[in-house]
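**Q** Just need the structure, nothing else, for what follows:
(6 chains)
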There are 6 protein chains.
Amino acid sequence: VLDPTTRWPRGEKPDHAGLLTFAGLPYTEDAAELAGVDVAVIGAPMDELVSDRPGTRFGPRAIRAAGGPPGRQVETGVDAMAELVVVDFGDAAVIPADPLASHANILQTVGEAVDAGAIPIVLGGDHSIAEPDVRACARRHGPLGLLHFDTHTDTGRDIYGVEVSHGTPMYRLVEDGIVDARRYAQVGLRGYWPGPEEFAWQERQGITAIPMHQVRAEGIAAALERALAVVGAGPAFLTVDVDVLDPAYAPGTGTPEPGGMTAADLLWACRTSAMRLELVGADVVEVAPTAVGAADTTALVADRIVREILTGIALRRRAAGAPA
Amino acid sequence: VLDPTTRWPRGEKPDHAGLLTFAGLPYTEDAAELAGVDVAVIGAPMDELVSDRPGTRFGPRAIRAAGGPPGRQVETGVDAMAELVVVDFGDAAVIPADPLASHANILQTVGEAVDAGAIPIVLGGDHSIAEPDVRACARRHGPLGLLHFDTHTDTGRDIYGVEVSHGTPMYRLVEDGIVDARRYAQVGLRGYWPGPEEFAWQERQGITAIPMHQVRAEGIAAALERALAVVGAGPAFLTVDVDVLDPAYAPGTGTPEPGGMTAADLLWACRTSAMRLELVGADVVEVAPTAVGAADTTALVADRIVREILTGIALRRRAAGAPA
Amino acid sequence: VLDPTTRWPRGEKPDHAGLLTFAGLPYTEDAAELAGVDVAVIGAPMDELVSDRPGTRFGPRAIRAAGGPPGRQVETGVDAMAELVVVDFGDAAVIPADPLASHANILQTVGEAVDAGAIPIVLGGDHSIAEPDVRACARRHGPLGLLHFDTHTDTGRDIYGVEVSHGTPMYRLVEDGIVDARRYAQVGLRGYWPGPEEFAWQERQGITAIPMHQVRAEGIAAALERALAVVGAGPAFLTVDVDVLDPAYAPGTGTPEPGGMTAADLLWACRTSAMRLELVGADVVEVAPTAVGAADTTALVADRIVREILTGIALRRRAAGAPA
Amino acid sequence: VLDPTTRWPRGEKPDHAGLLTFAGLPYTEDAAELAGVDVAVIGAPMDELVSDRPGTRFGPRAIRAAGGPPGRQVETGVDAMAELVVVDFGDAAVIPADPLASHANILQTVGEAVDAGAIPIVLGGDHSIAEPDVRACARRHGPLGLLHFDTHTDTGRDIYGVEVSHGTPMYRLVEDGIVDARRYAQVGLRGYWPGPEEFAWQERQGITAIPMHQVRAEGIAAALERALAVVGAGPAFLTVDVDVLDPAYAPGTGTPEPGGMTAADLLWACRTSAMRLELVGADVVEVAPTAVGAADTTALVADRIVREILTGIALRRRAAGAPA
Amino acid sequence: VLDPTTRWPRGEKPDHAGLLTFAGLPYTEDAAELAGVDVAVIGAPMDELVSDRPGTRFGPRAIRAAGGPPGRQVETGVDAMAELVVVDFGDAAVIPADPLASHANILQTVGEAVDAGAIPIVLGGDHSIAEPDVRACARRHGPLGLLHFDTHTDTGRDIYGVEVSHGTPMYRLVEDGIVDARRYAQVGLRGYWPGPEEFAWQERQGITAIPMHQVRAEGIAAALERALAVVGAGPAFLTVDVDVLDPAYAPGTGTPEPGGMTAADLLWACRTSAMRLELVGADVVEVAPTAVGAADTTALVADRIVREILTGIALRRRAAGAPA
Amino acid sequence: VLDPTTRWPRGEKPDHAGLLTFAGLPYTEDAAELAGVDVAVIGAPMDELVSDRPGTRFGPRAIRAAGGPPGRQVETGVDAMAELVVVDFGDAAVIPADPLASHANILQTVGEAVDAGAIPIVLGGDHSIAEPDVRACARRHGPLGLLHFDTHTDTGRDIYGVEVSHGTPMYRLVEDGIVDARRYAQVGLRGYWPGPEEFAWQERQGITAIPMHQVRAEGIAAALERALAVVGAGPAFLTVDVDVLDPAYAPGTGTPEPGGMTAADLLWACRTSAMRLELVGADVVEVAPTAVGAADTTALVADRIVREILTGIALRRRAAGAPA
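**A** Predicted coordinates for the structure are as follows:
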């Protein structure tokens, strides 16, 4: 394990200097070093399976560059990265122009974290990575509940005839029994995709869809409560597509859709979900950065989403009386 | 009529490929082909009459490039472009550096759509185009009601002494009796222009101004209800300046003003207005794009404004029992 | 005093033309010309003391370039720059790579305005300039109340061991008795800095911190009311770090933090504060522009913050029966 | 065939207005309308097979947007688009995330142009499209000579194990006998790829490589003369990767390499090649635009490359006494 | 006259601070203060008369922001702004959306400088401003010789039917006898405009056109020598359109054309021209900036063009034995 | 030592994935692991000492992100990173807002590499880092020869009164006897700084200045030959400020100056210098990136400068018969 802060006299590494890791956390690519690790942050830098603008291959690195060092969150008073053992487990071995090979390698790397007992939090990458992310978790924990923040359901059977796509992972995970449709809630849907067929399939499966206009109407707290009730007890995965945010809050994404969530609502919802659910894994996807460092506000909000998830996990462990 | 989707095996054209038309819709420049068309989308790519930053000459093309294919809107379940016959009628023949000639040609092209019985939806272009847009509609339908979303009233008698400007179209339309001042409502006003003279003139005319702080105070639903009551029954025009949005939602515009509407509110208001009013035409103006494809979120929100208007028109026709 | 509008036939200078001054106001660098001036706008273009992204040295000029001419504010009907005598007093003599020399010169220039009886409004520059800004005001008015809109408390004893930094001015001002901790309220705090030590120090001093989640929970009106009560009567300074806004509203800043205020709330709060408090000075800081003219929406919102402060001052003088 | 200039009084369409076609030329997607056409410009907007930065899916549209109307070239006095019948044949039906399907459709569309007797000029897209481009031409004309301007040889057997890639088309075309290695010249090679294996294969095949440092040493005229001698008489294809230019001249490309050609040299070389060779097809690839309209100078130089090729073809026809 | 450097202890003002003037020079808008001034720098920030991308209204301010303080030029050892009395005479009173009014005011302001005996150097603005610039000089000095660096001849009779345009000033100046066609040389022409009619007119008038391919072939020194011989003795004007540079050197312009001059050649040519000719005025036009400060390299090269002209003037005065 | 390529099946790591190191090389921060290392690449990400635009604190990371994997250079056939043992030694512990502390830490880290027998190549950072870079090398090797590519001499005694600045390192190194003035050659000088005093001091010291106009006049080969003769035998340091390039080739730098070197010339000169001189250290400075990955062409050219230096070192070792 390589600790990027040792060169600094007081262990305070500026974010633009030193080894680029998530929050300046220790780094390893060796699964053997994950023993005792609570959370492993993993990058999945690929974008070959998008239907619109590419660029998410630069997402993981941008997220790592946008955030600052760990700290106590002002709202909760929790310093999650002090309470939990979190490491940056590096990037999965993506293969440019061979997305299926990339998926296999993502499955492998996320699986190593899962096998080591760590909760993987995967930084995308396009949303197709949810498929290996969730499969890796389910391989150990069985069929999973799924909480899914997104503009789109990503439950297409195919996109332009392509079956493995950033628009289809959820269809495949449900059809393969990896995700339990009865424990699957979608929050933030809006816009012009998918169509009636996909929604009919969702209904037949028993998936719960909470569109954005309902979130606005009832408020995020009530909407999330409904979603959490659907996911319920048992192992669950949290997948966050940054395009669930209004483009004002996340302009750097490939298929933005106006009318979305505010950052404040989403950050609260991510923390609360991580506190309330039995999370076995999570991912934050579809960040297509265009600027350097914290100037890329989409990468920044993705960094904050990860931190809120960590904060929620820490709060849950506190509540469980676990030695956090 | 040229259908840009025929080369694709399933008729699903990716938005970045093929002929550039609004939503990938069929394209024609021939008025004879407008028979049976419900809505004609028309570009008016000019910016010679702005007082601050130019660039809206690139607006229509950017709006066409930002949006994806038609689809069923998640919130309403309506696929407006399936229910209505909508075509892209191309751009009016703007003449660089000769804005009055451009106006004449916009009048001509919009007029062709109106004469064919289609509702024109014009993509700006600076807001000066509202003058030919509305004149073309009024030529057939008589004096019109006007619903106007904007930061500014655009009712100057002149701007820096210039009488035909993006700050004066509404003054001219009212003074010429093209717009019925009693049926004219403005929503979203804020900032530092215009001054007491313009507001005094407005009051004398009987124009209803609903400033942004009132929208915030009473909510968009109540504010819009007031505005719709003003416009009332009879033929009406809807003009949407994207700068009514807060710059967070529409940074790509020439005279942005902080403190504006959210995209969600504006999109809802546009759909509702199109459903409630007897629309004979509409325009969406002041998009000054800076990025490529959907990365230009201002052009994207303008695309969505048009779609919400189409959705509203479709809903209105449904309600009227018209064979949509 | 140089009036930049005289060349224009009607005194209406377009914002992109003519001498670059705040709102196109008269310009002087001569303290002797400040007699009778109500407010002096001063630039402090430096960024050597930041911990993350630099660029605020371009802030003052960008703010001047982003805004238009003075005008009557739509919401209040006040044309503050007509009611008050406001001048652009130019920039303090910042010295690149010598931030302490820059601070000394800022103290000097702001002090000249204060000594002339004007209220200085300083355009940053990084937040370290608050130290000379406030010191200059306190030198004349004694220990000051402080209303502070920010994501961060800026009360570090040091940042990476550096004692004069954009993260420490408030610590230093309180420790030196320049700011009265009992009359010091912070609004909008969130994110991951500072930590328990700084908050413990704040508490010991009696500083009032209103974090962002409370602002969201109770609304800006109630939160501001609490803050105004803390600052109370007596001379007060208003310091506004644009990063208190959500990055959606102010992307051009060095240490953005998602989950922040809306522009509408902040603008209202600035105006109200200026109306309710006995302001002796103000600053608006941390604008790191990246675009030209009004296209830089962060500089634009900073311009609007200044105008709301001016509007509040004008309203206060009206209320006081002062010959505005 | 749709002529985009008919709405303009004098047939002079501004480039930012009207139907987006190459140089504002007539547009058709109907192969039956290609009779009598000399050159068909075709888009191939895909980028799934790149190894580094994607974005060339936006290339064809950007090239069409960057250039102005046809005109007489100042240097030669030739107005190629007046002398030749050139149409925009639209984009091939690319399928996002399915590059092999895209290739099949590119082969189909380019083949239609070839079968109609037109010379196809294909706008990329990543360089993998050279494979269907050249195959479509060779299907009719037999094995082809190839003149190839590029930083990279693109003769990898695979890239990261991927055999159909933007780094492998030339290997595949030579191995399949589509390109005659003895008539294949590469101009502008430099940088750090490919390695000894690829160069050894090239040598075994008899391919002629003229690296950039030789171009600089002997001058473009001599270097090109050598290349033209290699390609010689007989049907030939011209493939131009814009990254052969120094990044100063073509920053918008996925794998830029400093030390490249100047625009003046490349433009001259393209025209001269088209004049001297028996061109049966050409492509211009790897344009990854980032700006709007002519502001994207990489797309602009690609537009100019196409025009120089057209000029060369026109000059060749003049020389041949053909009724141009 | 306002000297922006007095606040700095050693008179060394950083370029991003203090009053924005050309090179930090003294500023006045009062013609009475021009007595004894050698050169007056004047801005003409307009862009209403362009045929393609607008934005040059931001040019003069960007040029002022891009350059640093005066200094001794390394190549010549001349500190022109120490040898000559140079002031920033501010911007002419441009009127947005009323280009003819702007022209009248440019004529007025440039005329004031001319009448005061100063050489005006005007910062554009689109190239249409050459018309008032040259007219103002000719009003005093009689018909002028003209040295014109540009991609385009700007000798259209009209552009899209518009007679006062950025593509027509030279036609108008020659037709009106303001410029002596026999003493008019154009350097750097290339691309696809204008056509045979314009060139035929030029020939009839006796204008000398030196296209870019000749500049490349013979070298800038020989090409310039030819041009200088044409202009010869007598009062002359120098007009520099930055698009004469290759877009690599000046990307921020509205109608860029690949294959242009290098910055080094143009800078040398401007200095040499100013040294060799009897300059009575000059302008530098078509800068459409997109970045802040020196990051806008097009504005920077425009600043350097002005400095080379100043250096040439200073060298000429030295040679003339004038007390420089 | 951490090897970032082990996760990839064939050891081929795409540049946008995996641990961010220079060229994907092995990484260590432990000086003990430098045994046997030929070259250690070190980052020095600071920018507090600039006089104009900051941003070079993001330089080292951008350079690492811009380049691809090692490979055989096409021109020379050398794969330097295969012949030499090169590691990424991480960043020195820069301290934001405390440039002197940063310098001390740079001295320390570079010194560790020197002490381990490796040649340090330092990625800046502003040019002030040359001071600790060179001092660290001279501490072991004694007074050094210096080859310096730059627009500016950086031999100011102070800049705005600041003695440790990016404009003064060479003055200090010469005055302190760290650099031997008789063995110090500057190449590429141009523009407006420094002035006669600095040049007089240079002359008195015996420094050799080769301005850019001489490089253009005699060609890079002859100019470099002169410079190499000056530096001669004995330990030498190579310092490359990317602003020696024309802004066309390196727009992302803080003090660009038109009229500079081409990338091809500079790359050749760097390789040749490293081959001909007895290099004991080098740095590449003043990269202020603005784009992501290889899209930042300034960072890319800086990466290539480092590779050319490595290639030159490898060639020198070959020539020396060393087991490369």
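**Q** Close to chain C: what parts of the stretch 101-250 of chain A are there?
**A** By the rule C-beta under 8 Å from any C-beta of the partner chain, the part of the stretch 101-250 of chain A lying against chain C is A:246, A:248-249. Using the backbone N, CA and C atoms, a C-beta is placed for each residue, glycine as well.
**Q** Name the nearest of those residues relative to residue E:219.
**A** Using C-beta to C-beta, residue A:248 comes nearest to residue E:219 of those, at 53.8 Å.
**Q** what would the residues of the stretch 101-250 of chain A next to chain C look like in a markdown table with pLDDT?
**A** Converted to a markdown table, these look like this (pLDDT from 0 to 100):
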| residue | pLDDT |
| --- | --- |
| A:246 | 98 |
| A:248 | 98 |
| A:249 | 98 |
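**Q** Looking at the residues you listed, which is nearest residue D:16?
**A** Among these, residue A:248 lies closest to residue D:16 (C-beta to C-beta), at 26.9 Å.
**Q** Which one of the residues of the stretch 101-250 of chain A next to chain C is nearest to residue A:116?
**A** residue A:249 (33.9 Å).
**Q** before we move on, what SS does that closest one have?
**A** The three-state label for residue A:249, taken from DSSP: H, G, I helix; E, B strand; the rest coil, comes out as coil.
**Q** distance of it from residue C:191?
**A** Distance of residue A:249 to residue C:191, computed by C-beta to C-beta, to the nearest Å: 15 Å.
**Q** who has more neighbours, these two?
**A** The residue with more neighbours, out of residue A:249 and residue C:191, is residue A:249; 27 against 24, by other C-beta atoms under 10 Å in any protein chain shown.
**Q** Can you get me a residue count around the residue of the stretch 201-324 of chain A found nearest chain F?
**A** Residue of the stretch 201-324 of chain A nearest chain F, by C-beta to the nearest C-beta: residue A:292 (5.2 Å). Look at residue A:292: counted by other C-beta under 10 Å, it has 25 neighbours.
**Q** Quick check: neighbours of the top strand by length along chain A in the sheet, parallel or antiparallel?
**A** Counting by DSSP state E, the longest strand found in chain A is strand A:179-189. According to DSSP bridges, strand A:179-189 forms sheet pairs with strand A:144-149 (parallel), strand A:208-211 (parallel).
**Q** I'd like the mean pLDDT over that strand, please.
**A** Averaging pLDDT along strand A:179-189 yields 98.
**Q** now the residues of the stretch 101-250 of chain A next to chain C in JSON lines, with distance to residue A:5?
**A** Listed next are those as JSON lines, based on distance: C-beta to C-beta, whole Å:
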{"residue": "A:246", "distance to residue A:5": "35"}
{"residue": "A:248", "distance to residue A:5": "34"}
{"residue": "A:249", "distance to residue A:5": "30"}
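**Q** got the contact list for residue A:76?
**A** A:271, A:311, A:315 (C-beta atoms under 8 Å, 6 or more residues apart in numbering or on different chains).
**Q** Please check the residues you listed and keep the buried ones.
**A** A:271, A:311, A:315 (16 or more other C-beta atoms under 10 Å in any protein chain shown).
**Q** so which of those also contact chain C?
**A** Of the buried ones among the contacts of residue A:76, not one also sits near chain C (C-beta under 8 Å from any C-beta).
**Q** ok, and the closest non-adjacent residue to residue A:75?
**A** Spatially, and ignoring its direct neighbours in sequence, residue A:75 is nearest to residue C:213 (4.6 Å; C-beta to C-beta, 6 or more residues apart in numbering or on different chains).
**Q** List the backbone torsions phi and psi for that neighbour.
**A** Backbone geometry at residue C:213, expressed as degrees, to the nearest 10, gives phi -70, psi -30.
**Q** what's the pLDDT at it?
**A** Residue-level pLDDT assigned to residue C:213 equals 98.
**Q** can you map out the strands along the stretch 151-300 of chain A?
**A** A:179-189, A:208-211, A:235-241, A:278-285 (DSSP state E, counting those that start in this stretch).
**Q** Now mean neighbour count too, for these, in CSV please.
**A** Shown next, in CSV, are the strands of the stretch 151-300 of chain A (neighbours: other C-beta atoms under 10 Å in any protein chain shown):
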stretch, mean neighbour count
strand A:179-189, 25
strand A:208-211, 20
strand A:235-241, 27
strand A:278-285, 26
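**Q** so can I have TSV of these showing distance to residue C:319?
**A** As requested, the strands of the stretch 151-300 of chain A are exported to TSV (distance: least, C-beta to C-beta, whole Å):
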stretch	distance to residue C:319
strand A:179-189	45
strand A:208-211	47
strand A:235-241	49
strand A:278-285	50
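**Q** which one of those lies closest to residue D:181?
**A** strand A:278-285 (44.4 Å).
**Q** and that closest one, how far from the chain's centre?
**A** Distance, stretch centre to chain centre, for strand A:278-285: 5 Å (C-alpha atoms, centre = their mean, to the nearest Å).
**Q** Only alpha carbons, please: show that strand as CSV.
**A** Presented in CSV, the C-alpha positions along strand A:278-285 are these (Å, rounded to 0.1, in the frame of the first residue of the first chain):
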residue,chain,number,x,y,z
GLU,A,278,-27.2,-2.9,3.5
LEU,A,279,-24.9,-1.7,0.8
VAL,A,280,-22.6,-4.2,-0.7
GLY,A,281,-21.4,-2.0,-3.6
ALA,A,282,-22.0,1.2,-5.4
ASP,A,283,-21.0,3.0,-8.5
VAL,A,284,-21.0,6.6,-9.8
VAL,A,285,-21.1,6.8,-13.6
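**Q** who does that strand pair up with?
**A** Going by DSSP bridges, the partners of strand A:278-285 are strand A:119-124 (parallel), strand A:235-241 (parallel).
**Q** Find the closest residue to chain D in chain A.
**A** Closest approach of chain A to chain D (C-beta to the nearest C-beta) occurs at residue A:54, with a separation of 3.9 Å.
**Q** OK, contacts around that residue?
**A** A:47-48, A:126, A:254, A:288, D:47, D:54-55, D:57.
**Q** ok, back up a step: burial of the residue nearest to residue A:75, as a residue count?
**A** With other C-beta under 10 Å as criterion, residue C:213 counts 17.
**Q** Does it touch residue C:190 like I think?
**A** Yes. In this structure, residue C:213 is within contact of residue C:190 by C-beta atoms under 8 Å, at 7.0 Å.
**Q** Can you work out which residues contact both of those two?
**A** residue A:75.
**Q** on that earlier part again, could you check how far the residue of chain A closest to chain D is from chain B?
**A** Here the criterion is C-beta to the nearest C-beta, to the nearest Å. By it, residue A:54 lies 10 Å from chain B.
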